[in-house]
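A.B. asks: Need coordinates for the below:
(2 chains)
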Amino acid sequence: MENVFSGITQGLFSLADPMILLMIFAGTVFGVVIGALPGLTSTMGVALLVPVTFGMSPEMGLALLGAIYCSSTYSGAISAILINIPGTPANCCTILDGYPMTQKGESGRAIALATSASAFGGFVSIFALLFLAPPLAEFALKFGAQDYFLLAIFGVSVIASLSERNMLKGLWAGVIGLFLSIIGMHPLTGDVRFTAGIAELYSGLPIVIALIGLYSIPEVISSLSGSDNAVKQVNTVGSGVISQMLELFKYKMLSIRATIIGIIVGIVPGAGSSIASFVAYDDAKRSSKTPEMFGKGSPEGIIASETSNNAVVGGSLVPALTLGIPGNAVSAVLLGGLMVHGLKPGPTLFIENSAIVYSFIMSLFVSNLAFIPVGLFIARYGIKLIETPASVLGPLVLGLAVIGSYAINMSIVEVGLMLVIGLIGYLMKEFDVPREPMVLGLVLGSMAEGELARAFSLVHGSVPMLIKNMFTSPLSLIIIALTALSLWQGVRKQLLPKK
Amino acid sequence: MSRLKVPAIIFSLTIAYVVGIMYIGYFVSSIIFLVGTMSVFGKQGLFAKTIATAGFLIVVYALFVSFLGLRLPEGLLF
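C.D. replies: Just a heads-up that it's a prediction; the model follows:
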């Protein structure tokens, strides 16, 4: 615990650096805009800006990326409330009550509640991150190579069985990700595999490049395929919003419950902010005194949805920072951002780079407050921005994806790789295969392979020995049981008759 | 068929853009690509396209060239 407190003080000191605060502000402005624009997601926003963080210190870069994550998760509510289109998938439940409130002429109240609820959920979830992650990291130090291997497999299995659509497709996507992760040098022997002679692939498929392609190209294609500019009417927000934010305190229990749901859903690998807001919305409806108001402009609906989706931020970073297992696609991109700075996600991160980690966590507290003024300002004065047609946004996103993937290694070949991955992403979207399991497979694959190789070398390459070790170590057995459980859950969901 | 039109156009324009960056130069290709793609998909006036393109190039120059010190590929033009 002492380490945590010395880490906190260290982190607080780093916040005194005006450059860090500037990065939080810049990230918040960018994130609010990205989040409010329908079709541009948090994952895309973070991925497009990872290349920009190269020239910065890791502290600055992470503050920037973290601020984008927090603020874009929030600001999707602005478009959900004002134009009835969720800015990001995380805000799809906000529509249900946000837009009816707008129709009743209460758009200001809805925006105010969404803002304070998001800030509350986000802020509290960072406390969870701060106090759950260090002990978990300490515990994870006990993990052996085989446990890490099993953990990586567990991560892929969970996300596959959680895929909202189809477990089989999710598993396929996970396998494709695992396959892509073995491109390049073997982690121990250094044998080069599947590179097709492309030197850029020797050290593996660059994760940031892959994520830029995977999350920007398909989005651009689908936004340009739709009719240009579906926005019919943009509603505006009146004044007096700030005082209405305090209305949140009338719903204390609701906010706390939604926050806890968000944190827990965030920690589970594979379940993202949209799942959290569905669960919290459902829970709020069941525990509400006026459930009949839900869907007709209930403030409770907005609070549940917005509190929980922002609470996912802190939760999703717990497994990401301590185990290297990202909770969702955005935290996978953040891990990519860590790795480009030469940091290795995992339990040792809290020991070897504690200054950077705590500075990042502390910056997230500020980020969760920074989006309040920026979001309210954009909702009041910048709402015309939402009307920017896809035909202008799409090319700009493509341009950013090209320059961003070039900037990482100044290599035009990597731009080509980004486009190839973009094509794969487009095909996956077209055939309704979820992309998240592939990202997890890609991120966890190299971890799984390296740890398996290490576990093998510990038993001098004897397969029966390794299997025996896995089934006699209590820790490994627990992880195997959890993997079996998550797969069984997925199978059961498939077998049950659809409602 | 029409379903494949948008992705086909986007991929061919972007590939042409990347080739253009290598042989013509970054800034000229970017202007052609951005204005061209916006014209293919939308009916905005030249003013909106110019503002968006200029804004993009300023941001790229400020972030990637001045701040990151990135050397953009120089083709025949700049």
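
A.B. asks: Which helix or which strand is home to A:L40?
C.D. replies: If you go by DSSP states H and E, A:L40 is not part of any helix or strand.

A.B. asks: can you pull the contacts of the nearest residue to it once chain neighbours are set aside?
C.D. replies: Nearest non-adjacent residue to A:L40, counting by C-beta to C-beta, 6 or more residues apart in numbering or on different chains: A:I34, 4.8 Å away. Using the backbone N, CA and C atoms, a C-beta is placed for each residue, glycine as well. Residues in contact with A:I34 (C-beta atoms under 8 Å, 6 or more residues apart in numbering or on different chains) are A:40-42, A:44-45, A:68, A:72, A:75.

A.B. asks: One more: B:L68?
C.D. replies: A:51-52, A:54-55, A:407.

A.B. asks: what's the helix or strand A:S305 falls within packed up against?
C.D. replies: Following DSSP H and E, one finds A:S305 within helix A:299-323. Taking 3 or more C-beta pairs under 8 Å, 6 or more residues apart in numbering or on different chains; DSSP states H and E as contact, the helices and strands that helix A:299-323 lies on are helix A:58-83, helix A:92-103, helix A:107-140, helix A:252-267, helix A:273-287, helix A:329-340, helix A:349-352, helix A:354-381.

A.B. asks: what residues are up against the closest residue to chain B within the stretch 1-150 of chain A?
C.D. replies: Using C-beta to the nearest C-beta, the single residue of the stretch 1-150 of chain A nearest to chain B is A:G55, 4.2 Å away. For A:G55, the contacting residues are B:67-69, by C-beta under 8 Å, 6+ apart.

A.B. asks: Nearest to chain A, out of the residues you listed: which one, please.
C.D. replies: Relative to chain A, and with distances defined as C-beta to the nearest C-beta, the nearest of the contacts of A:G55 is B:L68, at 4.2 Å.

A.B. asks: Run through the residues that contact A:I8.
C.D. replies: Going by C-beta under 8 Å, 6+ apart, A:I8 touches A:130, A:358, A:362.

A.B. asks: what helix or strand does it sit in?
C.D. replies: For A:I8, the element it lies in under DSSP H and E is helix A:2-15.

A.B. asks: and that helix, which residues are buried?
C.D. replies: Under the neighbour-count criterion of 16 or more other C-beta atoms under 10 Å in any protein chain shown, helix A:2-15 has A:7, A:10-11, A:14-15 buried.

A.B. asks: And what about the residue nearest to A:R380 when sequence neighbours are not counted, helix, strand or coil?
C.D. replies: Nearest residue to A:R380, sequence neighbours excluded (C-beta to C-beta, 6+ apart): A:V237, at 5.2 Å. Secondary structure assignment for A:V237 (DSSP: H, G, I helix; E, B strand; the rest coil): coil.

A.B. asks: who's in contact with stretch A:236-245?
C.D. replies: Stretch A:236-245 is touched from outside by A:82, A:107-109, A:111-113, A:115-116, A:372, A:376, A:379-380, A:383, with contacts defined as C-beta under 8 Å, 6+ apart.

A.B. asks: Let me know the closest of the contacts of A:I34 to B:F41.
C.D. replies: A:L40 (15.9 Å; C-beta to C-beta).

A.B. asks: my guess is that closest one meets A:L396, correct?
C.D. replies: No: if you go by C-beta atoms under 8 Å, A:L40 and A:L396 don't touch, sitting 10.0 Å apart.

A.B. asks: which of those two has more neighbours?
C.D. replies: Between A:L40 and A:L396, counting by other C-beta atoms under 10 Å in any protein chain shown, A:L40 is the more crowded of the two (27 against 20).

A.B. asks: Just the pLDDT for the closest residue to chain B within the stretch 201-350 of chain A.
C.D. replies: Closest contact between the stretch 201-350 of chain A and chain B, by C-beta to the nearest C-beta, is at A:S225 (4.5 Å). Confidence at A:S225, expressed as pLDDT, is 85.

A.B. asks: Which residue is the nearest non-sequential neighbour of it?
C.D. replies: In space, A:S225 is closest to B:V6, 4.5 Å off (C-beta to C-beta, 6+ apart).

A.B. asks: Show me how far the helix or strand harbouring the one you found is from its chain's centre.
C.D. replies: Using DSSP H and E, B:V6 maps to helix B:2-23. Averaged C-alpha coordinates place helix B:2-23 at 11 Å from its chain's average position (C-alpha atoms, centre = their mean, to the nearest Å).

A.B. asks: Write out the residues of chain B neighbouring chain A.
C.D. replies: Contact residues, chain B versus chain A (C-beta under 8 Å from any C-beta of the partner chain): B:3, B:6-7, B:10-11, B:14-15, B:17-18, B:21-22, B:30, B:33-34, B:37-38, B:41-44, B:48-49, B:52, B:56, B:60, B:63-64, B:67-73.

A.B. asks: any idea how far B:G36 is from whichever residue of the stretch 251-400 of chain A sits closest to chain B?
C.D. replies: Chain B sits closest to A:S391 of the stretch 251-400 of chain A, with a gap of 2.6 Å, by C-beta to the nearest C-beta. From A:S391 across to B:G36, the span is 12 Å (C-beta to C-beta, to the nearest Å).

A.B. asks: cool, A:M253 as well?
C.D. replies: 55 Å.

A.B. asks: more neighbours, these two?
C.D. replies: Using other C-beta under 10 Å, the more surrounded residue of A:M253 and B:G36 is B:G36, with 15 against 8.
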